[in-house]
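*Asks:* Sharing a sequence plus its predicted fold:
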Amino acid sequence: MPSLKDLKNRIASVKATQKITKAMKMVAAAKLRRAQEAAEAARPYSQRMGAVLANIAQAVGQDDSAPRLMAGTGKDDVHLLVVCTAERGLCGGFNSQIARLARDHTRKLLANGKTVKIICVGKKGFDILRREYASLIIDRVDLREVKKVGFANADEIGRKVIALFDKGEFDVCTLFYSEFKSVIAQIPTAQQLIPASAGEPVEQSDAIYDYEPDAAAILGDLIPRNISVQIFRALLENVAGEMGAKMSAMDNATRNAGEMINKLTLNYNRQRQAQITKELIEIISGAEAL
Amino acid sequence: MVMADSFQFELVSPERLLLSGSVTSVVIPASEGEMTVMANHAPTMTTINPGIVTVTFADGKTDRYVVFGGFADILPSGCTLLAESAVHVDEISRDDIIKRIEIARGELEAAPNDEHRAGIERYIAQLGTVQGTILPA
């Protein structure tokens, strides 16, 4: 049985913890709003890009002139996985969910006799995947110093991937990230980057475009850019998802701390009462003995 | 004076929508030379070079933006410029451009083939022009 003093200390310590989790929750909430705004602001670009890409791809057609990034290498022996996770923990199952999806994917590919290469974006995913697949990780991108994810960060990763592709290091590239559905729901997602798919043209315009320089050249220029845009979108979704996950994790932690404090306080009061009663009994029985 | 027809123009960078409004003409640094887009332009899709976009609004005011590559989607009803990176002329600093040139120089060293290298050299030259135009020494 802990003494009264022990209980008092524990209550004080849980209260201090609760204050921290509460503060973290509020910080996450503020960051979440900013992350959502950033994701929203980036949407027009990726939407237009998708539409334009679909239109051009249709114009160029799937013949030999289609760029290699789109047509692929014709094989699928070597897979590159780009796993985007957060830099920090304390956000529930956010990081482990993405890592698990990547791990399952890797296992399946390895079982089918494919070669797998992994690029880790974010420290947490690297920490998790390192345990099992340390030899497969060929590179990692550290965004810890980055306060606000910009397009330049995504572009850098995109260039890296394309440079590897040009060197013939892999055939298929898949991007892993967490799609932000809502504050409480983030869905780990795998998206194929290379060979790139252009999607269906959104609007059927009869207008015949003039292309400068020509459609194939524009397409060749667009696809690498689109890869960077996709990575950028994934990073933004990840930031929003991380903050959402952190918010709900910290909310839970705060609530748990509250419950714990209640329980401990009840215990403390009961013990104090017991001690008072005990002292009273001692006094009364002492008086009776006289 | 006859008012020129206006059309919808949007300047978008991956990070945000910089400008969306009704304009009478836009000068864009297209890859085959500068071109002025006005209302009812034939549908055109073009890549753009680093350079300056000059926008003339319906009320006669003009505004200038520096763009660093991208492409434009032109339709009779409107024009969308998807810039890789775009900054308002007032907000750009010499250091910013110099930094970009340095980064490009770094890439030049690592360029895998001549074609790539030529592309980067062209890019650096264009950045130099931009620098000379908006920030005279």
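*Replies:* All right, it came through fine.
*Asks:* What pairs with whichever helix or strand residue A:79 is part of, parallel or antiparallel?
*Replies:* Using DSSP states H and E, residue A:79 sits within strand A:78-84. Strand A:78-84 has the following strand partners under DSSP bridges: strand A:115-121 (parallel), strand A:172-180 (parallel).
*Asks:* Just say helix, strand or coil for residue B:66.
*Replies:* Using DSSP: H, G, I helix; E, B strand; the rest coil, the structure places residue B:66 in strand.
*Asks:* That one and residue B:48 touch, don't they?
*Replies:* No. Residue B:66 lies out of contact with residue B:48 (Cβ atoms under 8 Å); the separation is 11.6 Å. Quick note: C-beta positions are derived from backbone N, CA and C, even for glycine.
*Asks:* returning to that earlier point: helix or strand right after the strand holding residue A:79?
*Replies:* Later in the chain than strand A:78-84, the nearest helix or strand by DSSP H and E is helix A:94-111.
*Asks:* Buried ones in that following helix, by neighbour count?
*Replies:* Using 16 or more other Cβ atoms under 10 Å in any protein chain shown as the burial criterion, the residues of helix A:94-111 that qualify are A:94, A:95, A:96, A:97, A:98, A:99, A:101, A:102, A:103, A:105, A:106, A:109.
*Asks:* what residues does the strand holding residue A:79 touch?
*Replies:* A:98-99, A:102, A:105-106, A:109, A:114-122, A:125, A:129, A:157, A:161, A:164, A:169-178, A:193-194, A:231, A:234-235, A:238 (Cβ atoms under 8 Å, 6 or more residues apart in numbering or on different chains).
*Asks:* Put together JSON lines for the strands paired with strand A:78-84, with mean pLDDT and distance to residue A:80 on each row.
*Replies:* Shown next, in JSON lines, are the strands paired with strand A:78-84 (pLDDT from 0 to 100; distance: least, Cβ to Cβ, whole Å):
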{"stretch": "strand A:115-121", "mean pLDDT": "92", "distance to residue A:80": "5"}
{"stretch": "strand A:172-180", "mean pLDDT": "91", "distance to residue A:80": "4"}
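*Asks:* Any chance of TSV for these, columns distance to residue A:88 and mean neighbour count?
*Replies:* What follows is the strands paired with strand A:78-84, written out as TSV (distance: least, Cβ to Cβ, whole Å; neighbours: other Cβ atoms under 10 Å in any protein chain shown):
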stretch	distance to residue A:88	mean neighbour count
strand A:115-121	14	22
strand A:172-180	14	23
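*Asks:* So what's the gap between the strand holding residue A:79 and the chain middle?
*Replies:* Here strand A:78-84 shows a centroid-to-chain-centroid distance of 15 Å under the convention Cα atoms, centre = their mean, to the nearest Å.
*Asks:* Before I go, just wanted to say thanks for your time.
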